[in-house]
Every structure is written in structure tokens, then in C-alpha cells.
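Engineer: Sequence first, then the predicted structure:
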Amino acid sequence: MKKVSLIVISFFSLITALCCSCWSSSITPAFADAVDAVVATVDEQPILLSDLNKLLSKKITMTEAAASSEAQKALDRLIFESLVNSEAESRRVTVADSDIERYVDEVATRNSLSRADFVDALKAQGKDWATYKAQVRTDILQTRLASIMLQGMSTVKDSELKSYFEEHPELLQQGASITLRRLVTSSSEIAKSFANREFSADDFIALVKKASISPDAADGGMLGAVSERDLAPEIFSALMHTQIGSTSEVVAGANQGGFTVYYVAARSTGSPEDIKALRERVKRELTQAKLAQQMEGMFQTELYKNHTIDKKI
């Protein structure tokens, strides 16, 4: 009985060896390509070649991915998404399906498309709907993470706002108006004799009535209050540094080919409400720009420092 048992065991060992040998030798390249490969890991969590192919909307091999700049950029995107998801999980930041749906609806509305048309447009561009929603989820997570990690850091100080307005004085002119009178003459020499001078309002009115050829001369050349942003560039340039109670430099050709000198009767920087609204708008824009800059730095440096990344290609 012992001999029979040994023979049986030896027989089955031989069959197993032959089967293993045959299976191993029969693996074709096509079957090997079907086996998914790991292209990178983030905190030991794998990113697969199939994930990369899905994002690229085409099928490539590991060798092709390693040589493709497009594939490398796509892989960087997948790594970034994985980093954001990992960081969000550690901080218990979540995104509900309703958040994604609302985001998608807003994007569709901005493009004047219905939800169905928007989905069709994505498909026409070769974008997978599920992949797009995953990217939306990452974008929302990124924004929420930034608001937590950068809380208080993106506040724009009053000194920064003041410096910005000093560097961009034209912004304050958006709500500014200027009350003007004008003197128009056909002689450039006469016009120059009246330019860049101080006059009392009464003296300039008397001068206009005497020397101006403009139809409004009888009214002392009164143009009234004019928004600075509505002035022609050459007139604005002439008046930029003209003080109240003074005349501008000569502006040629502005009125029927004549030579005009403008008199600044008054200036206004706009109502307190207009100025306050302008400050709030600029402050909001500066805050958003500062936040975007800080987000870029955080997501390009700090986020990568906090996690372990291993690229295989």
C-alpha cells in the first residue's frame, strides 16, 4: 500500500508541474497587456494604468506612457487628485453629490447649455462624464481645503489696499467727474496764451465771452460735470494734472478743427457710496488673487511634502 501511495503522489506531482509549465509558457503578450499595472502610488495607494488610460481616453502601454509627455501630465493630475483626496480625508473635508450637481449646473448655465447638452458637449470633446465629475469633486475639495489651511492668511490689509490705489490711480477716476468750461479759438497762438494759467471763474467766463468762437461762449463755455472716464484720451491727458481754477494745455482739433483750452471749475471723486463700493470690489479682487497665489504655493509644495509619492514611469 505504501508503494501505491508514493506512485500516486509522484504522478500528481508530475501532472501539476506539467500544467504549471504549460500555463506559464502559454501567456501571450496580449494577455500580459490585459494585466493592469501600477503607474504610481500615493501613500501606498496605487494609481493604475487603467486609470491613466481612462483620463487620456485611449489605451497605451507602460512603455508608451513613460515616453509620452501627455501621459506624464495626466499622471501628475491623477497624483494631485489622490493627494487632495488623502488630505481631505485626513481633515474630514467632504463633498456631497448635491455639491457636484450644483457646480455642474452652474457651469452649464454659464455656457448657456442645458444639463443634457452640456453632457453631450463633454462627450463630443472625448471627455468621460464620470471622470469629469471626479475632477469637479477634486476642484471643490481643493477650494475647501484651501479655505481651511489658509484661513486668515489671504486677508488684504488696509496698507496693501492703499498701496494698490497709489499704483493704480486710474481706478479712482472711474467714479470721478470734472466740471469744465472751455475756450475755443482758431489761432494756436491765442490758445497758448490762455493755457496753463490760473483764472477766477468770473475772469475766465468774461474771457470766453470775448474770445471764444464756440456756440457755448454766451454761457461762459460751460460744459457741466463730465465723467472722467467718458473724456476723449487727448482731453483726459490735457486735464490729468490741471488744478481747480486753472486752464489746461491746448487741445488741437477737438472742436471743429479749432484750438481748445479747458478750465477746471470743480472736481469730484464720486459719492462716498461709490468710493466705498469701489474699495470693496478692489479688496475682494485682491483677496481672491492673494488666495489663488497662496493656494498655488500650498498645493505645489506643502501638500507634496505631507505625503509619500512614488512614480513608476
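Structural biologist: Noted; the coordinates are in hand. Remember, predicted model here, so these are calculated numbers, not experimental data. Residues are numbered from 1 along each chain as shown.
Engineer: which residues in the stretch 51-200 of the chain form strands?
Structural biologist: When secondary structure is read from DSSP state E, counting those that start in this stretch, the stretch 51-200 of the chain shows strands at 177-185.
Engineer: Quickly list the domain ranges of the protein.
Structural biologist: Split into domains by automatic domain parsing, the chain comes to 1-35, 36-84, 91-149, 177-268.
Engineer: pLDDT averaged over the last one - what is it?
Structural biologist: What it means is domain 177-268. Per-residue pLDDT values over domain 177-268 give a mean of 90.
Engineer: export the domains of the chain to TSV and tack on distance to Glu166 and mean neighbour count?
Structural biologist: Glycine gets a C-beta too; all of them are placed from N, C-alpha and C. Formatted as TSV, the entries for those read as follows, by distance: least, CB to CB, whole Å; neighbours: other CB atoms under 10 Å:
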stretch	distance to Glu166	mean neighbour count
domain 1-35	63	9
domain 36-84	38	16
domain 91-149	29	14
domain 177-268	16	17
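Engineer: could I get the ones you listed as TSV with distance to Thr155?
Structural biologist: Formatted as TSV, the entries for the domains of the chain read as follows, by distance: least, CB to CB, whole Å:
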stretch	distance to Thr155
domain 1-35	52
domain 36-84	24
domain 91-149	13
domain 177-268	30
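Engineer: So which of those is nearest Ala289?
Structural biologist: Closest to Ala289 of those is domain 91-149 (CB to CB; 13.5 Å).
Engineer: Run the chain-centre distance for the closest one.
Structural biologist: Taking CA atoms, centre = their mean, to the nearest Å, one finds the center of domain 91-149 at 17 Å from the center of the full chain.
Engineer: again, but for stretch 286-294
Structural biologist: Chain-centre distance of stretch 286-294: 10 Å, with CA atoms, centre = their mean.
Engineer: Which parts of that stretch count as buried, going by neighbours?
Structural biologist: Judged by neighbour count using 16 or more other CB atoms under 10 Å, the buried positions of stretch 286-294 are 286, 290-291.
Engineer: quick one: least confident of those residues?
Structural biologist: For the buried residues of stretch 286-294, the least confidently modelled position is Leu291, at 70, judged by pLDDT.
Engineer: from memory that residue sits against Gln142, does it?
Structural biologist: No: using CB atoms under 8 Å, Leu291 is not in contact with Gln142, being 11.7 Å away.
Engineer: where along this protein do the helices fall?
Structural biologist: When assigned using DSSP state H, the helices of the chain occupy the ranges 2-25, 29-34, 49-56, 62-67, 69-90, 97-110, 115-124, 129-149, 158-167, 188-194, 201-211, 233-239, 272-297, 303-305.
Engineer: From the contact counts, what lies against the fourth one?
Structural biologist: Using 3 or more CB pairs under 8 Å, 6 or more residues apart in numbering; DSSP states H and E as the contact test, the elements touching helix 62-67 are helix 49-56, helix 69-90.
Engineer: In TSV: those, plus distance to Phe199 and mean pLDDT.
Structural biologist: Formatted as TSV, the entries for the helices and strands packed on helix 62-67 read as follows, by distance: least, CB to CB, whole Å; pLDDT from 0 to 100:
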stretch	distance to Phe199	mean pLDDT
helix 49-56	72	90
helix 69-90	66	89
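Engineer: Quick one: those helices as TSV, columns for distance to Ala195 too.
Structural biologist: Listed next are the helices and strands packed on helix 62-67 as TSV, based on distance: least, CB to CB, whole Å:
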stretch	distance to Ala195
helix 49-56	67
helix 69-90	61
